[in-house]
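> coords please:
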Amino acid sequence: MEVIDLGKALCVITGASRGFGYCLALHLSTLLKSGSILVLIARSEGKLRELQAEIRSSGVTEETLKIKNVAADLGKKEGVQEVVRVLTETETSSFNHMLLINNAASLGDISKFVVNLTDLEEVDQYFSFNFSSALCLTASLLKHFGKRSGLKRTVVNISSLCALKPFKSWSLYCSSKAARNMLFQVLAEEDPDIRVLNYAPGPLDTEMQVAARSQSGDPELRETYARLHESGQLISCSQSTSKLVHLLLKDQFKSGCHIDFYDV
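Next up, the predicted model:
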């Protein structure tokens, strides 16, 4: 039976300042019980303040939900450390749910084919933001929220079809998404007490899609995304958010599995 809320939770969303993360924060803010804390993480402090103001304008009060904005660059060690500091300073004993949504990601330089990726620093920086930060943040939060009676722990990885299928000129993005999928599958195997989901939101109508149809090195890929846009087949963030929320509330997925927007 599907529940109607996510409990009294510490809910953490990375990449919350725009697109899917922004929409998800708005939706989840209405599903957290009184006394919950919503932690919003992104590079832009200004965008996070705009999001917080929009959440408040919807009627969600400070008494009902505390919101913490953390402006940090997850591609840098200092950024990850700052997020971990904020989270581990949070009193956890009163919560019955810890929900972490690893949404932050970037396409990288999608104009380059594999043979052009010769700059080790460029590749390292990409994976620091798109893979290593998600690993270290998840591990740190799970250590802080150890297993205890009455506490549910849920970790969501915002995945992609690219985790399963190769896309020409998208080697960095495909590789990082595949690595993240496997990371969270391993987590699910290591600790059956943690609910783990790899959710692919589908081709979203976001800034990332604009880049996909204008900057992809592979002309076929540019044409494919241009056709999706022109034919109105891109998915709105609100549509995809609703499906993810449905999965979280129903809570019947196999831990560690990969579920696509079109599977729900």
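
> what segments of the stretch 151-264 of the chain are helices?
Here the stretch 151-264 of the chain has its helices, by DSSP state H, counting those that start in this stretch, at 171-190, 207-215, 219-230, 237-250.

> helices or strands up against the longest one?
Under the contact criterion of 3 or more CB pairs under 8 Å, 6 or more residues apart in numbering; DSSP states H and E, the helices and strands touching helix 171-190 comprise helix 120-127, helix 133-144, strand 152-158, strand 194-200. The C-beta positions use only the backbone N, C-alpha and C, and glycine is treated the same way.

> how far does the last one sit from the chain's center?
Its chain's C-alpha centre and that of strand 194-200 lie 10 Å apart, by CA atoms, centre = their mean, to the nearest Å.

> tilt between it and helix 171-190?
Orientation check (axes from the mean of the first three to the mean of the last three CA atoms, to 10 degrees): strand 194-200 against helix 171-190 gives 160 degrees.

> pLDDT averaged over strand 194-200, what's the number?
Mean pLDDT, strand 194-200: 98.

> what sits against the residue most central in space within the chain?
In the chain, the centroid-proximal residue (CA atoms, centre = their mean) is N103; its distance is 1.5 Å. Residues in contact with N103 (CB atoms under 8 Å, 6 or more residues apart in numbering) are I13, T14, G15, A16, F20, G21, L24, I158.

> do S133 as well
With CB under 8 Å, 6+ apart, S133 has these contacts: T14, L74, G75, G79, V80, A104.

> before we move on, what about P166?
P166 neighbours (CB under 8 Å, 6+ apart): C174.

> can you check D73 too?
Counted by CB under 8 Å, 6+ apart, D73 has contacts R43, G79, F129.

> so what's the residue count around the last one?
When you say that, I think you mean F129. Using other CB atoms under 10 Å, F129 is surrounded by 20 other residues.

> ranges for the strands of the stretch 1-150 of the chain?
Secondary structure of the stretch 1-150 of the chain by DSSP state E, counting those that start in this stretch: the strands cover 9-14, 36-42, 65-71, 97-102.

> just to revisit the earlier point, okay, the residue nearest to the centre of the chain: pLDDT?
98.

> do the same with the one 5 residues further on
Reading off the confidence values, G108 has pLDDT 97.

> quick one, phi psi at it?
phi 80, psi -170 (degrees, to the nearest 10).

> my guess is it contacts D124. True?
No. With contact defined as CB atoms under 8 Å, G108 does not reach D124; the gap is 11.9 Å.

> which of these two has more residues huddled nearby?
A direct count of neighbours by other CB under 10 Å for G108 and D124 places G108 higher, at 21 against 11.

> report the contact partners of that one.
So G108 contacts Y126, N130, L172, Y173, S176 (CB under 8 Å, 6+ apart).

> before we move on, the earlier item: need the contacts of N103 in a markdown table with neighbour count, can you?
As requested, the contacts of N103 are exported to a markdown table (neighbours: other CB atoms under 10 Å):
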| residue | neighbour count |
| --- | --- |
| I13 | 27 |
| T14 | 24 |
| G15 | 23 |
| A16 | 29 |
| F20 | 25 |
| G21 | 24 |
| L24 | 25 |
| I158 | 25 |
